[in-house]
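Colleague: Fold the following and give me the result.
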Amino acid sequence: MGLRALPRPVAVVVGGGGVLGAAQVGVGYALEQRGFVPDLIIGTSVGALNGAIAAAHPGRAAPWLDHVWTHVRRREVFPLGVWSSRASIFADRGLRRLIARAELPRRIEQLDIPFTAVAMDLATGAQELLDRGDLESALLASAAIPGVLPPVDREGRTLVDGGVVAFVPVRAALEAGAASVVVLSTGPHSWPLRPVVPPRHARAVAARAWLLLMHHQIESDLRQVSERIPTVVLPTGVETWPAPWDFGHSQRLIETAADAAGRFLDGLRIAGPGLYGINDGMDHGMDHGIDDTVTAEVGR
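Modeller: Below you'll find the model as predicted:
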């Protein structure tokens, strides 16, 4: 019944998205309160940092992450006026301090739960799965937003944010041998695409194009994986998202996501491979009428 019915090994997949990471904490609360501990964790960008902390403290990471997210401010991660080099707008000093405060082991292999951070090789465009070796450099690489934070040289490769190739790395979970997947918070990128009046200003054009790119990538990856294994996408209940760098809304995101994900999990029923929790691409919110019993909706 519910999560206990998921075939093992179960992978938790944690996507990217800046302040979206706060909603992931709320979903983490709902999972921990129900005694769920995954067999492996795979994360991209901010999801890699959240995922690494969950892998280091299984079953008790949410309160610690709650404290981090409700106290962090944008200037700590993206300090204005602090240029790293010609390769990026900002230095990664703030992110390094955040990682240092997380009390993580030095190497990935020392985490309590097997963990993989997803990055992209800037030379080849290939997805890089970082599942061993130095943990700090793996997290920095996975979160290195191209042009915003500096690329990371690691074992002879130049790596950047894994969200470019795997914003929600469910395919990596399948490749790692997962028999089922639980996805933490795909956010607004998974909502149904609706026609809009084409934007005219540069920032709006770029934002719309990025949203379309992420939507198609997430939709394609989720459907491909769900055809083979149960794929549960946990809702956040968040109707209005702040800008990715606006950390002032973290408490609202955490509380809303904890409630929505908890109610969803209490009604979850697993019936074989399929996509659970997505209704025509919608991340179910608190006002979208979550049914008492949630079953697979595609792929069979």
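Colleague: What residues of the helix with the most length in the chain count as buried?
Modeller: Longest helix in the chain, counting residues (DSSP state H): helix 202-226. Residues of helix 202-226 classed as buried: 214-215, 217-219, 221-223, 225-226 (neighbour count, 16 or more other C-beta atoms under 10 Å). No exception for glycine: its C-beta is placed from N, CA and C like everyone else's.
Colleague: One more: stretch 92-100?
Modeller: Of the residues in stretch 92-100, those buried (16+ other C-beta under 10 Å) are 92, 94-95, 98-99.
Colleague: Quick one: mean pLDDT over that stretch.
Modeller: On average, the pLDDT along stretch 92-100 is 84.
Colleague: Can you classify the residue lying farthest from the centre of the chain as helix, strand or coil?
Modeller: Relative to the centre of the chain, the most outlying C-alpha is that of Arg200, 30.3 Å out, by C-alpha atoms, centre = their mean. Secondary structure assignment for Arg200 (DSSP: H, G, I helix; E, B strand; the rest coil): coil.
Colleague: Then Val13?
Modeller: strand.
Colleague: how much space between it and Leu6?
Modeller: Noted for Val13: a distance of 13 Å to Leu6, by C-beta to C-beta, to the nearest Å.
Colleague: Now the helix or strand that the longest helix of the chain is followed by: average pLDDT?
Modeller: The helix or strand immediately downstream of helix 202-226 is strand 230-234, counting by DSSP states H and E. For strand 230-234, mean pLDDT is 95.
Colleague: any residues touching the next helix or strand after strand 230-234, and which ones?
Modeller: Next helix or strand after strand 230-234 toward the C-terminus (DSSP H and E): helix 250-266. With C-beta atoms under 8 Å, 6 or more residues apart in numbering as the contact definition, helix 250-266 has outside contacts at 2-3, 19-20, 22-27, 29-31, 33-34, 66, 69-70, 72, 185, 234-238, 242, 277, 284-286, 290, 294.
Colleague: And the helices in this structure?
Modeller: Using DSSP H, the helices of the chain run over 20-33, 46-56, 62-71, 74-77, 93-100, 135-142, 163-166, 170-175, 202-226, 250-266.
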